[in-house]
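>>> fold the following and give me the result.
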Amino acid sequence: MNREVLRLAIPNILSNVSIPLLGMVDTALMGRLESEIYIGAVALGSILFNFIYWGFGFLRMGTTGFTAQAYGKNDGKESTAILGRGLLVALSSSFVLIALQTAIAWLGFSLLQGDTAVELLARQYFNIRIYAAPATLGLFVFHGWFLGMQNARYPMYLTVTVNGLNILFNILFVFQMGMKSDGVALGTVCAQYIGLALAVGMFLHKYRSFVAMFDRARILQLTAMKRFFAINADIFIRTICLVFTFAFFTSASAALSSMVLAANQILLQYLSLMSYAVDGFAFATESLVGRFIGAKDLSKLKQSVRLLFLWGTGLGIFFALCYGLFGKPLLRVFTDQMVIIQAALPYVFWVVVVTIAGSVAYLWDGVYIGATASVAMRNMMLLSTLAIFLPTYYLTINPLGNHGLWLALALFMVARGLTLGLLAKKNIFAFSRP
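Below is the predicted model of the structure:
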């Protein structure tokens, strides 16, 4: 079982680690142009797309859980139908996004409120990149389906290829063709469509026998579609709560002072790096939990969860130790301004706490996604956000300042992990639900 866990987790970790590299290269490219407004334009446009695509993250997560359970049942026809449903929803949603792009841009940039010059370029960036939506959402579905089929290598190949091509296209368009932030947007569009073509090619190469199993009536079967939308709606609400919490954290940091905002944003990069790494085990958890629930194999289900938590929390503790021991030197990687480093140092302790608590929460998310136990996951996320995070912030922000904000985030992570753990016996380790 250890070999199975690592076979799924290691490719996911490698592919996840490539994701932050793209943003760093984009920033470096824009930072070498004649004005800082190009960095702002890409940053502003990227924030808007992050909100949109985080919201559609259910297409990957829901597809993984459903497919893994069908794989465990050895039901090839249902696995194929799940892929068809996911792609249908992805393509339909992407066309709606493109049709409503003017309204989305107006709302998004009204809320973000950048400088006039930056916003003009950001809108240009948005108006180009939005046409990648069919490819981006389609890739979400293929990623989830491959993971559900216990194939972690294909998602790794896709992620590394798409990000690598994106970097190459961005360099070509910006440095060779003289484009600016619009070149970064066009590079993303090109890379995403090549990635989608590669995903289709991989599917046809390894799963060609599934093509004959595509059944339009089964894909559109009402009961299955209702369950697909119900569970994905729960995952959507869960994701929106997570996005809200971190957006609120950033907004509250800015309300304290620009110095606190700078310090907290750097410290959040520590959490981002940890989450991408631990998510490698969380993705493996989705695959294995769904598979063994589908196969009704309680023994292997418990064994896989135990090993995944051993590896995943072990990795989280490793990151926490690194942050605790090398927190100050790591700050110098992000800034050479001593005043920001000094402002961030008192809060490194909270990064250690949130890293450990967060690794547990992320792994439980993987368990519940694999089990498609979305109602409990949604409810515990709402509880953690509305009854823990927000009340803690409002009760402690005046007496504790930024420590109160970090306390709220730490308790949010603890509440997620603890409540999902307490409900696991009923929602995960029982096979009575449909």
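>>> the nearest residue to Phe210 once chain neighbours are set aside sits in which helix or strand?
Leaving aside its sequence neighbours, Phe210 sits nearest to Thr80 (C-beta to C-beta, 6 or more residues apart in numbering; 4.7 Å). Just so you know, the C-beta spots here come from the backbone N, C-alpha and C atoms, and that holds for glycine as well. Assigned by DSSP states H and E, Thr80 falls within helix 76-99.
>>> what does that helix contact?
Here helix 76-99 makes contact (C-beta atoms under 8 Å, 6 or more residues apart in numbering) with 52, 56, 59, 62-63, 66-67, 70-71, 104, 130-131, 133-134, 136-138, 140-142, 144-145, 148-149, 209-210, 213-216, 218-219, 221, 224-225, 228, 232.
>>> can you flag which of those residues belong to helices?
52, 59, 62-63, 66-67, 70-71, 104, 133-134, 136-138, 140-142, 144-145, 148, 216, 218-219, 224-225, 228, 232 (DSSP state H).
>>> buried among the residues you listed? Need that as a selection in ChimeraX.
Buried residues within these, by 16 or more other C-beta atoms under 10 Å, are selected in ChimeraX with:
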select :52,59,62,63,66,67,70,71,104,133,134,136,137,138,140,141,142,144,145,148,218,219,224,228,232
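>>> list the buried residues of the helix holding Thr80.
76, 78-90, 93-94, 97.
>>> and stretch 298-305, by the same measure?
Buried residues in stretch 298-305 (16+ other C-beta under 10 Å): 301, 303-305.
>>> mind putting those residues in TSV, distance to Ser258 included?
Formatted as TSV, those follow (distance: C-beta to C-beta, whole Å):
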residue	distance to Ser258
Leu301	49
Gln303	50
Ser304	46
Val305	44
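>>> tell me the one of these nearest Leu386?
Val305 (27.8 Å; C-beta to C-beta).
>>> what sits closest to the closest one if chain neighbours are left out?
That would be Val367: by C-beta to C-beta, 6+ apart, it lies 6.1 Å from Val305.
>>> ok, the one you found touching Val289?
Yes - with contact defined as C-beta atoms under 8 Å, Val367 counts as touching Val289 (5.3 Å).
>>> shared neighbours of the two, anything?
Contacts common to Val367 and Val289, judged by C-beta under 8 Å, 6+ apart, are 305, 428.
>>> coming back round to it: what sits against the residue nearest to Val305?
285-286, 289, 305, 420, 424, 428.
>>> where does pLDDT dip in this protein?
17-37, 39-40, 43, 112-114, 334-335, 431-434 (pLDDT under 70).
>>> domain map for it?
Domain assignment of the chain by automatic domain parsing yields the ranges 1-220, 230-434.
>>> what's the span of the longest one, first residue to last?
Domain 1-220 has its terminal residues 36 Å apart, counting by C-alpha to C-alpha, to the nearest Å.
>>> chain center to it, what's the gap?
Centroid separation for domain 1-220 versus its chain: 11 Å, with C-alpha atoms, centre = their mean, to the nearest Å.
>>> same check on the last one?
Mean C-alpha position of domain 230-434 versus that of the full chain (C-alpha atoms, centre = their mean) differs by 12 Å.
>>> now do the same for Asn151: helix, strand or coil?
coil (DSSP: H, G, I helix; E, B strand; the rest coil).
>>> got a list of what the residue nearest to Lys328 when sequence neighbours are not counted touches?
Closest residue to Lys328 in three dimensions, ignoring its sequence neighbours and counting by C-beta to C-beta, 6+ apart: Leu345, at 6.2 Å. Neighbouring residues of Leu345 by C-beta under 8 Å, 6+ apart: 327-328, 331.
>>> next: Ser181.
So Ser181 contacts 30, 38, 41-42, 45, 121-122, 124-125 (C-beta under 8 Å, 6+ apart).
>>> look up how far Leu222 lies from the residue lying closest to it once chain neighbours are set aside.
Leaving aside its chain neighbours, Ser181 sits nearest to Ala41 (4.3 Å; criterion: C-beta to C-beta, 6+ apart). Distance, Ala41 to Leu222, by C-beta to C-beta, to the nearest Å: 45 Å.
>>> of those two, which one has the most company?
Neighbour totals were compared for Ala41 and Leu222, and Ala41 leads with 29 against 7 (other C-beta atoms under 10 Å).
>>> then the strand or helix carrying that one to CSV, C-alphas only?
According to DSSP H and E, Ala41 maps onto helix 37-55. Presented in CSV, the C-alpha positions along helix 37-55 are these (Å, rounded to 0.1, in the frame of the first residue of the first chain):
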residue,chain,number,x,y,z
ILE,A,37,2.1,49.0,-14.7
TYR,A,38,2.5,45.8,-16.6
ILE,A,39,3.2,43.8,-13.4
GLY,A,40,0.1,45.4,-11.9
ALA,A,41,-2.0,44.5,-15.0
VAL,A,42,-1.0,40.8,-15.0
ALA,A,43,-1.5,40.7,-11.2
LEU,A,44,-4.9,42.3,-11.3
GLY,A,45,-6.1,40.1,-14.2
SER,A,46,-4.7,37.0,-12.6
ILE,A,47,-6.7,37.7,-9.4
LEU,A,48,-9.9,37.8,-11.4
PHE,A,49,-9.1,34.5,-13.1
ASN,A,50,-8.1,32.9,-9.8
PHE,A,51,-11.6,33.7,-8.4
ILE,A,52,-13.3,32.3,-11.5
TYR,A,53,-11.2,29.1,-11.8
TRP,A,54,-11.1,28.4,-8.1
GLY,A,55,-14.9,28.5,-8.3
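>>> now do it against helix 58-72, angle only.
If you take axes from the mean of the first three to the mean of the last three C-alpha atoms, to 10 degrees, helix 37-55 sits at 40 degrees to helix 58-72.
>>> and the helices in the stretch 251-400 of the chain?
258-294, 298-334, 338-344, 348-370, 374-383, 390-400 (DSSP state H, counting those that start in this stretch).
>>> ok, and for the shortest one, which residues are buried?
Right, the one you point to is helix 338-344. So for helix 338-344, counting by 16+ other C-beta under 10 Å, buried means 340-341, 343-344.
>>> then the fifth one?
Along helix 374-383, these residues count as buried under the neighbour rule (16+ other C-beta under 10 Å): 374, 376-378, 380-381.
>>> now, which of these sits nearest Ala263?
Once C-beta to C-beta is applied, the member of the buried residues of helix 374-383 that ends up nearest Ala263 is Met381, at 27.1 Å.
>>> right, and that closest one touches Arg416 too?
Yes - between Met381 and Arg416 there is a contact at 6.6 Å, judged by C-beta under 8 Å.
>>> deepest of the helices of the stretch 251-400 of the chain, which one?
helix 348-370 (a mean of 25; mean count of other C-beta atoms under 10 Å).
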